[in-house]
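# Predicted model follows, preceded by the sequence.
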Amino acid sequence: MAVALPPSLSDTIVALSTPPGAGAIALVRLSGPAAIHLTDEVFAGKHLRDQPSHTLHVGTVRDGERIIDEVVVSLFRGPHSYTREDVVEISTHGSDYIVQELLGLLVRRGARLAEAGEFTKRAFLHGAFDLAQAEAVADLIAADSALSHQVAMRQMRGGFSQELKDLRGRLVQFAALLELELDFGEEDVEFADRTGLVRLLEEVQTLVRRLLRSFELGNVIKHGVTTVIAGRPNAGKSTLLNALLNEERAIVSAIAGTTRDLIEDEVSLDGIRFRFVDTAGLRDTTDVVESMGVERTLKRVQQAALVIYLFDITTTTPTGLQAEIDALQLPAGIPLLAVGNKLDVASDTEQAAYDERPNTVLIAASRGDGLDELREALLTRVRGEGLDRTGSSTIVTNVRHARSLEQAALHLEAVVQGLATGAGTELLAADLRHALATLGQITGEISSDDLLTSIFTQFCIGK
């Protein structure tokens with residue numbers, strides 16, 4: 001359903017939709033009621049007003065008699081366009097000078113420079129898609145791994161929205177019956193089956209909890225996992241970093257304390273970005289520079305999303321390992337994976353000491369032994385309850401969505417408690433109304449100008 005447009009959104013807007021800077025091609029996009037007319041005024045070629053939608057036209061852009069560039073114009077007539085308005089896209093040579101000349105010419109003819117995200121905002125306001133799908137457009141543009149692309153694509157195509165729509169639809173039926181009871185309050189009748197409402201609330205709460213649990217994984221997919229490799233000197237941290245990156249990124253030496261500063265690099269494991277951080281060895285030292293490195297290590301460990309604690313299984317006992325891990329004083333919630341190195345030179349007894357220890361992987365970083373098991377262990381720690389690799393499960397990646405789901409969960413629990421204690425229809429209806437409202441904020445069925453401004457100003461200008 002289309003939303004009435006504010007006057008500013010009835011303007012014809014223009015922006016560069018490709019990245020700024022010199023390149024082979026630049027694309028300038030117009031959208032609005034005068035998009036075709038304004039382009040016709042500066043385009044020497046076919047009269048665009050007479051051409052059908054979804055066609056391409058070659059010609060020149062002129063400022064009076066001066067030719068600015070030879071271009072290809074793409075014509076999309078509303079409502080069959082991205083914004084549901086008339087849209088024209090002008091492909092020029094990718095010169096900053098040409099782009100600025102073209103933008104200036106179109107603005108002088110009556111177009112207005114678009115605000116950040118204004119094209120997508122217009123698409124939302126015209127009913128092309130809901131708010132959750134609109135936000136997924138930005139996620140798709142920012143996707144830098146196969147998994148983040150998969151999740152954003154599913155959301156943009158309406159997977160998450162449909163799940164919420166079905167959920168709200170079932171709640172709305174009961175909410176309507178409760179409201180009907182309020183209309184007949186003096187007659188003391190019940191239209192809503194309380195037993196059925198309890199069953200429905202249990203199902204809805206289960207779904208909301210699953211979506212909330214998925215946010216931890218969704219946040220990882222969207223932003224990556226900062227993984228700090230910590231441990232004592234000569235445990236093999238730099239060797240492990242090089243092995244995980246499959247390149248000689250860090251200097252490896254038998255001399256203790258070689259790594260003085262943090263060394264970072266990224267690698268994708270099964271579609272999830274891990275940013276590995278090699279750190280200075282943890283020990284007491286009188287070396288001023290090395291001491292600074294140890295301080296930085298301890299600080300970075302506190303900020304990590306995941307910690308690999310690397311130890312030498314030939315010199316570290318299980319009791320000593322636990323003491324070293326305890327000394328890190330990790331904040332609650334930061335997962336740690338203990339990784340025993342130098343498996344290739346360890347005795348059977350030294351290996352056996354760690355066979356039953358949970359969250360422990362044994363490797364030989366210098367030879368690559370056990371690295372596949374380590375990678376799988378890292379993914380398991382990050383995925384938590386698991387990831388449906390077919391892409392059929394909804395994964396929440398947006399902080400705003402998660403916060404709305406949390407609020408909805410609180411209101412749903414209030415309804416459950418109200419039913420259990422025999423609360424009046426007024427209270428039940430009010431809590432159910434609040435739950436529906438918070439769920440509606442996710443898809444934009446209930447939204448404010450401030451919310452829309454906050455969301456769309458995070459987009460790039462030409463989108």
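Good, I have the coordinates. Please read these numbers as outputs of a predicted model, since none were measured by experiment.
# can you give me the helices for the stretch 201-350 of the chain?
For the stretch 201-350 of the chain, the helices defined by DSSP state H, counting those that start in this stretch cover 237-245, 288-303, 318-328, 348-352.
# Alpha carbons of the third one, as CSV, please.
In CSV, the C-alpha atoms belonging to helix 318-328 read as follows (Å, rounded to 0.1, in the frame of the first residue of the first chain):
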residue,chain,number,x,y,z
PRO,A,318,46.5,-29.1,32.1
THR,A,319,46.7,-27.5,35.6
GLY,A,320,49.2,-24.9,34.4
LEU,A,321,47.0,-24.2,31.2
GLN,A,322,44.0,-23.5,33.4
ALA,A,323,46.0,-21.1,35.5
GLU,A,324,47.2,-19.2,32.5
ILE,A,325,43.6,-19.0,31.1
ASP,A,326,42.3,-17.8,34.5
ALA,A,327,45.0,-15.1,34.5
LEU,A,328,43.5,-13.6,31.4
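# which secondary structure elements does that helix contact?
Contacts defined by 3 or more C-beta pairs under 8 Å, 6 or more residues apart in numbering; DSSP states H and E place helix 318-328 against strand 306-312, strand 336-341. In short, each C-beta sits where N, CA and C put it, glycine included.
# and what of the first one?
Packing contacts for helix 237-245, counted by 3+ C-beta pairs under 8 Å, 6+ apart, involve strand 225-231, strand 263-269, strand 272-278, strand 306-312, strand 336-341, helix 371-383.
# Which residue, other than its chain neighbours, is closest to Ile263?
Distance criterion C-beta to C-beta, 6 or more residues apart in numbering; nearest residue to Ile263, sequence neighbours excluded, is Asp278 at 4.2 Å.
# so that neighbour sits right up against Leu241, yeah?
Yes. Using C-beta atoms under 8 Å, Asp278 is in contact with Leu241, at 4.3 Å.
# Mind putting the helices and strands packed on helix 318-328 into JSON lines with mean neighbour count, distance to Ala352 and mean pLDDT?
As requested, the helices and strands packed on helix 318-328 are exported to JSON lines (neighbours: other C-beta atoms under 10 Å; distance: least, C-beta to C-beta, whole Å; pLDDT from 0 to 100):
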{"stretch": "strand 306-312", "mean neighbour count": "23", "distance to Ala352": "16", "mean pLDDT": "89"}
{"stretch": "strand 336-341", "mean neighbour count": "24", "distance to Ala352": "12", "mean pLDDT": "90"}
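# Just put those strands in CSV and tack on distance to Met156.
Formatted as CSV, the helices and strands packed on helix 318-328 follow (distance: least, C-beta to C-beta, whole Å):
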stretch, distance to Met156
strand 306-312, 29
strand 336-341, 34
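# Tell me which of those lies nearest to Ala323.
Smallest distance to Ala323 across the helices and strands packed on helix 318-328 (C-beta to C-beta): 11.1 Å, for strand 306-312.
# hmm, back to that, the residue nearest to Ile263 bridge partners, please.
Judged by DSSP bridges, the bridge partners of Asp278 are Ile229, Ile263.
# Next, count neighbours for it.
26 (other C-beta atoms under 10 Å).
# Give me the distance between it and Asn242.
Plainly put, Asp278 is 9 Å away from Asn242 if you go by C-beta to C-beta, to the nearest Å.
# What is the least confident helix or strand in the protein?
Ranking every helix and strand in the chain by mean pLDDT, DSSP states H and E puts helix 288-303 at the bottom, with a mean of 65.
# Please, which helix or strand holds the residue nearest to Gly196 when sequence neighbours are not counted?
Of all residues not flanking Gly196 in the chain, Phe174 sits nearest, at 7.8 Å (C-beta to C-beta, 6+ apart). Using DSSP states H and E, Phe174 sits in helix 159-183.
# For that helix, name the packing helices and strands.
Of the remaining helices and strands, those touching helix 159-183 by 3+ C-beta pairs under 8 Å, 6+ apart are helix 131-142, helix 194-223, helix 425-443.
# Just give me how far it sits from the chain centre.
Offset of helix 159-183 from its chain centre (C-alpha atoms, centre = their mean, to the nearest Å): 28 Å.
# List the contacts of the spatially most central residue of the chain.
Nearest to the mean C-alpha position of the chain, by C-alpha atoms, centre = their mean, lies Lys222 at 3.7 Å. Applying C-beta atoms under 8 Å, 6 or more residues apart in numbering to Lys222 gives the contacts Asp139, Ala142, Ser148, Val151, Thr397.
# So for stretch 214-231, what gets flagged as buried?
Residues of stretch 214-231 classed as buried by neighbour count (16 or more other C-beta atoms under 10 Å): 214-222, 224-231.
# Please apply the same query to stretch 407-414.
Those would be Gln407, Ala408, Ala409, His411, Leu412, Ala414, for stretch 407-414 by 16+ other C-beta under 10 Å.
# Closest one to Thr55 out of those residues, please.
Closest approach between those and Thr55, by C-beta to C-beta: Ala408, at 45.9 Å.
# how about the closest residue to the closest one other than its chain neighbours, what does it touch?
Leaving aside its sequence neighbours, Ala408 sits nearest to Thr438 (C-beta to C-beta, 6+ apart; 4.4 Å). By C-beta under 8 Å, 6+ apart, Thr438 lies in contact with Ser404, Leu405, Gln407, Ala408, His411.
# Can you show me the strands along the stretch 1-150 of the chain?
For the stretch 1-150 of the chain, the strands defined by DSSP state E, counting those that start in this stretch occupy 13-16, 23-31, 43-44, 55-63, 66-76, 87-94, 112-113.
# for the stretch 151-300 of the chain, which spans come out with low pLDDT?
177, 181-194, 247-262, 280-295, 297-298 (pLDDT under 70).
# mind running it again at 50?
The model of the stretch 151-300 of the chain has pLDDT under 50 over residues 191, 249-261, 288.
# now the stretch 301-450 of the chain
Using pLDDT under 50, the flagged stretches of the stretch 301-450 of the chain are 385-392.
# ok, 70 please
Scanning the stretch 301-450 of the chain for pLDDT under 70 picks out the ranges 384-393, 446-448, 450.
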